[in-house]
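Got a sequence here, can you model it:
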Amino acid sequence: MAYRGKGRGGVLFLTPGASINGGNVFLLRFLQWLKANTDIPFSVFFETSGDVEAKFMKLGNNLCHTRTTTDKGNLLKILGKAEEKSGIRSRILKKTITKRDFALIYSNTVINHKTFPLTEDLGLPVLTHCHEMESVINLTGKENFELLCDRTDRFIAVSNAVKSELVSKHGIDDSKVEKIYGFVPVSEFDSNLKSRRGEVLESLGFPRDAFLVGASGLLEWRKAPEIFISIAERVTRHYPELPIYFVWVGGADKNDHSLFCADFDVTKLGLSERVKFLPHCRDPERYFAALDLFALVSREDPFPLVCLESAVFDVPILCFDNAGGMPEFVEQDCGAILPYLDVAAFAAKIVELFKNRELRLKLGRNAGEKVRKHHDVEVIGPQILSQIEKMIV
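The predicted model follows:
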């Protein structure tokens, strides 16, 4: 299904930074698929550098390091140095866009309030991929969100929960919003990682027979690490004889204060031997492959990729109702959906699935089958491409 350009312009992808978060990981994986399967030229412009910047750069010359007409090097560095020079930043970017003959702006988030204004008067159609819900929109400023919405021609929402908020809370026409779920590149995950479970448990200081419950995400209010700790405390207090252990993967940089705060509570509750919070790592999938359950405890999460990444390894998902898009994946067959922030119910479900191995394995197999059938990049990539092609005809 390779695309041939036919003289049409390319796509300028906008994303706030190159940090290792779900939205940027999604964009990187989609661009890798896009480059491998189409001839669409593209560039990426991001505001700040980060952990996945090098991977963006490996995609070739169609990225933010595109040469400007002055041929002085990395566009990102030029823009950074020109940050405080009035007008220079805007002129460099606009000249680059004109030179590359873009036909579409693809905003990879609704919070591109720093990069998007540099493009808003260029007259190009805008496709915005919404990976966010109310708390993030509120945090980054509703006026910035409204600016982007006013200039957006079409939206992609990562779940029905996200689409519902765009339509019901922000008055966006339903016909302008296409729901396309998130994806993972299934073939890139090493199924042999499951056989290394013992090594992972040993590295965590847990026994070989540990029943491992995992979580992942930034250590922030929205992701609710304190709820994860409360669940672990309740399970351990009521069932101290059960070998149930907990790990949170990749919450912050090693010396980040939020990691200290999480460890502080774990220590005060006497859970240090049962609960571990790990800093960011380059291979989180080795931990996902070792899990018995994935616990999504977020107050709000549009459609977190970490759940799909765990499901690749046949790990069932537990999540809260009314907390975003993951119940749309879990449904009745891939885990369990618990009442919003109900710590007791969540803890009880963990114990239930510890005791009912047959049910747990069945739910895990269902999750793995669903992600491979419906959420592989080979399934979702063409759906996103279809939206792009409609706008660059």
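
Look up how far Glu132 lies from His113.
His113 sits 12 Å away from Glu132, going by Cβ to Cβ, to the nearest Å. Yep, even glycine has a C-beta here, placed from its N, CA and C like the rest.

Compare these two and say which is more crowded by neighbours.
Glu132 (23 against 17; other Cβ atoms under 10 Å).

how about low-confidence regions in the stretch 251-393 of the chain?
Within the stretch 251-393 of the chain, the ranges that satisfy pLDDT under 70 run 393.

For it, which segments count as helices?
257-268, 285-288, 305-311, 327-330, 343-355, 357-374, 377-391 (DSSP state H, counting those that start in this stretch).

mind giving me a markdown table with the ones you listed and columns for distance to Ile227 and mean neighbour count?
Converted to a markdown table, these look like this (distance: least, Cβ to Cβ, whole Å; neighbours: other Cβ atoms under 10 Å):
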| stretch | distance to Ile227 | mean neighbour count |
| --- | --- | --- |
| helix 257-268 | 11 | 15 |
| helix 285-288 | 19 | 22 |
| helix 305-311 | 16 | 26 |
| helix 327-330 | 17 | 21 |
| helix 343-355 | 7 | 18 |
| helix 357-374 | 21 | 17 |
| helix 377-391 | 30 | 17 |
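
now those helices in JSON lines, with distance to Asp173?
Shown next, in JSON lines, are those (distance: least, Cβ to Cβ, whole Å):
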{"stretch": "helix 257-268", "distance to Asp173": "39"}
{"stretch": "helix 285-288", "distance to Asp173": "38"}
{"stretch": "helix 305-311", "distance to Asp173": "28"}
{"stretch": "helix 327-330", "distance to Asp173": "22"}
{"stretch": "helix 343-355", "distance to Asp173": "37"}
{"stretch": "helix 357-374", "distance to Asp173": "27"}
{"stretch": "helix 377-391", "distance to Asp173": "16"}
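
looking at those, which is closest to Glu178?
helix 377-391 (5.9 Å; Cβ to Cβ).

For that closest one, list the C-alpha coordinates in PDB.
C-alpha atoms of helix 377-391 as PDB (Å, rounded to 0.1, in the frame of the first residue of the first chain):
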ATOM      1  CA  VAL A 377       0.900  -0.400  13.700                       C
ATOM      2  CA  GLU A 378       0.100  -2.400  10.500                       C
ATOM      3  CA  VAL A 379      -3.600  -2.000  11.400                       C
ATOM      4  CA  ILE A 380      -3.700   1.600  12.700                       C
ATOM      5  CA  GLY A 381      -1.000   3.100  10.500                       C
ATOM      6  CA  PRO A 382      -3.100   2.900   7.300                       C
ATOM      7  CA  GLN A 383      -6.100   4.500   9.200                       C
ATOM      8  CA  ILE A 384      -4.000   7.500  10.200                       C
ATOM      9  CA  LEU A 385      -2.500   7.700   6.700                       C
ATOM     10  CA  SER A 386      -6.000   7.800   5.200                       C
ATOM     11  CA  GLN A 387      -6.700  11.000   7.200                       C
ATOM     12  CA  ILE A 388      -3.500  12.600   6.000                       C
ATOM     13  CA  GLU A 389      -4.200  11.700   2.400                       C
ATOM     14  CA  LYS A 390      -7.600  13.200   2.500                       C
ATOM     15  CA  MET A 391      -6.100  16.500   3.500                       C
END
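
what helices or strands is that helix leaning on?
helix 22-37, strand 102-107, strand 126-130, strand 154-157 (3 or more Cβ pairs under 8 Å, 6 or more residues apart in numbering; DSSP states H and E).

from the ones you listed, which stretch is densest packed?
For the helices and strands packed on helix 377-391, the largest average neighbour count (mean count of other Cβ atoms under 10 Å) is found in strand 126-130, namely a mean of 25.

Sheet-wise, list the partners of that one with their directions.
Strand 126-130 pairs in its sheet with strand 102-107 (parallel), strand 154-157 (parallel), by DSSP bridges.

need the next SSE after it, C-terminal direction.
Remark: after strand 126-130, the chain's next helix or strand is helix 134-140, criterion DSSP states H and E.

I'd say Tyr181 and Ser159 touch.
Yes - at 6.4 Å, Tyr181 counts as touching Ser159 under the criterion of Cβ atoms under 8 Å.
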